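Q: below are the sequence and a predicted model for it; my questions follow.
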Amino acid sequence: MIQDIFPSKLNNSYSQYTATPSDSLAVFDDSGRLLIREKDGKMDFPQVSEFPGHDYIYLFSIDERRFFLAPDCQATEGCNYSLHTIREVRDLFEGKEVFAAFTAYHLWRWYADNRFCGRCSEALVPDTRERALRCPKCGNIIYPRINPAVIVAVTDGDRLLITRYRNGYSHNALVAGFTEIGETLEQTVEREVMEETGLKVRNIRYYKSQPWGMAQDILAGFFCEADGDTVIRMDENELKYAQWVKREDIVLQPNNLSLTNEMMRLFKEGKERQCSGK
C-alpha cells in the first residue's frame, strides 16, 4: 500500500526546522496540482534552492530527506517540471515519493483551507509548539483535519461485492464512505453498505487502516458477510456498477497503492480469512 515504504520511514513529528537549499519542496498551484518531474524513472520534487526567497513550512521527513511547503509560492511549469493532480501522481508513479506527495497534499490542503479564524475572522498564524494554527486574537486552535472513512469488502461465499464510483476513480473498488457524527466505524459499515447496495451485513471484522491524503482521510478496512437477501439495490447517485463477482473473475486495480486493492487481492487469492481474524 502507499504507506508501505519500508525500510524507509516517515517522521511526522512537528519541528521548526530551517529550510536548507537541498531540502525537498512541495509547491502547489491554487487548484492543488503539484509541481514535479520525472528523474531516473521516479517522481522528483524540486529543491528549496530552485525557489528561493519564500516562507517555508516544515512538513515531515522520510529517512533523512526533509520536505517543506512553500504556501506563498505560485507553481509554474518549466525546467522539466510540470503540474500534476494527486490522482495523476497516483496513476503515473510509485514508491515513497508518491506517499510523500499524498502526505504533503493533505497538509497543503489544511493550510490552504484554514487561513482565518472561524470564531472571530482574524488571520491565523502557525503555532510554535505543535502542528496547529492559532488565532492571535481569541486563542482558537485548529489542528489538521483527518476524516475517518471505511472500506468494506462484503462477501457471499466465494463472491465479493465489487463497485465502481459514478464519478472520479474509474477502476474496480469496494463499498466506501465517511463516518458520520455519533457513529462507530462498524455502524458506518452497516449504513454505507445499506445506502449504496441495499444489503444487510453481519460478522464485521476489522482488517487494517491506511492514511489517504488525497481526501484527508484515515481509511479503516473491514470484511463482512451479506446477511440474508443478496439482491443488490444500487444507489445510482453514488455508483455506476455494483455486482457480485467470483474470486477468479475479480479484476484488480492497476497498482498496489490502495487498501481497497489489497483487500480485493486477498479475497481473490482466498486469503481473507487468515487476515481478518476468522
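A: Yep, that arrived. Model, not experiment: these values are computed from the prediction.
Q: what about the helices in this structure?
A: Taking DSSP state H as the criterion, the chain contains helices spanning 86-92, 96-113, 185-197, 259-268, 272-275.
Q: can you say which of these is nearest to Pro211?
A: If you check each of the helices of the chain against Pro211 by C-beta to C-beta, helix 96-113 wins as the nearest, at 7.2 Å. (Glycine included, C-beta is placed from N, CA and C.)
Q: and that closest one, what does it pack against?
A: Applying 3 or more C-beta pairs under 8 Å, 6 or more residues apart in numbering; DSSP states H and E, one finds that helix 96-113 contacts strand 24-26, strand 34-39, strand 42-44, strand 57-62, strand 65-69, helix 86-92, strand 201-212.
Q: for that helix, what is the distance to the chain centroid?
A: Centroid separation for helix 96-113 versus its chain: 9 Å, with C-alpha atoms, centre = their mean, to the nearest Å.
Q: quick one: buried residues of that helix?
A: 96-111 (16 or more other C-beta atoms under 10 Å).
Q: and stretch 27-40, by the same measure?
A: Neighbour-count burial for stretch 27-40 [16+ other C-beta under 10 Å]: 27-28, 33-36.
Q: centroid-nearest residue for this protein?
A: Trp212 (1.5 Å; C-alpha atoms, centre = their mean).
Q: ok, and the closest non-adjacent residue to that residue?
A: Among residues not flanking Trp212 along the chain, Leu219 sits closest, at 5.2 Å (C-beta to C-beta, 6 or more residues apart in numbering).
Q: residues contacting that neighbour?
A: With C-beta atoms under 8 Å, 6 or more residues apart in numbering as the criterion, the residues that contact Leu219 are 149-151, 176, 209-212, 259.
Q: mind giving me the PyMOL select for these, buried ones only?
A: A single PyMOL command selects the buried members of those (16+ other C-beta under 10 Å):
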select buried, resi 149+150+151+176+209+210+211+212+259
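Q: for the contacts of Leu219, which one is nearest Asp23?
A: Pro211 (22.2 Å).
Q: the closest one contacts Ala220, doesn't it?
A: No: in this structure, Pro211 is not within contact of Ala220 by C-beta atoms under 8 Å, at 11.1 Å.
Q: dig out what the closest residue to Tyr17 other than its chain neighbours forms beta bridges with.
A: Leaving aside its sequence neighbours, Tyr17 sits nearest to Tyr58 (C-beta to C-beta, 6+ apart; 4.4 Å). Listed beta-bridge partners, Tyr58: Phe68 (assigned using DSSP bridges).
Q: neighbours around Tyr58, how many?
A: 19 (other C-beta atoms under 10 Å).
Q: quick check: it touching Gln16?
A: Yes: in this structure Tyr58 lies within contact range of Gln16 using C-beta under 8 Å: 6.8 Å.
Q: OK, contacts around Glu248?
A: Contacts for Glu248 were tallied using C-beta under 8 Å, 6+ apart; they are Lys268.
Q: so in this structure, where's the weakest helix or strand by average pLDDT?
A: Every helix and strand of the chain was ranked by mean pLDDT, DSSP states H and E. The lowest is helix 272-275, at a mean of 73.
Q: before we move on, back to that, relative to Arg129, which of the contacts of Leu219 is nearest.
A: Distances from Arg129 to the contacts of Leu219, taken by C-beta to C-beta, are shortest for Pro211, at 23.3 Å.
Q: now the spatially closest residue to Gly95 that is not a sequence neighbour: how far from Val89?
A: Excluding the flanking residues, the one nearest Gly95 by C-beta to C-beta, 6+ apart is Lys42, at 6.1 Å. In this structure, Lys42 and Val89 are 12 Å apart, going by C-beta to C-beta, to the nearest Å.
Q: same question, Phe60
A: Relative to Val89, and taking C-beta to C-beta, Phe60 is found at 17 Å.
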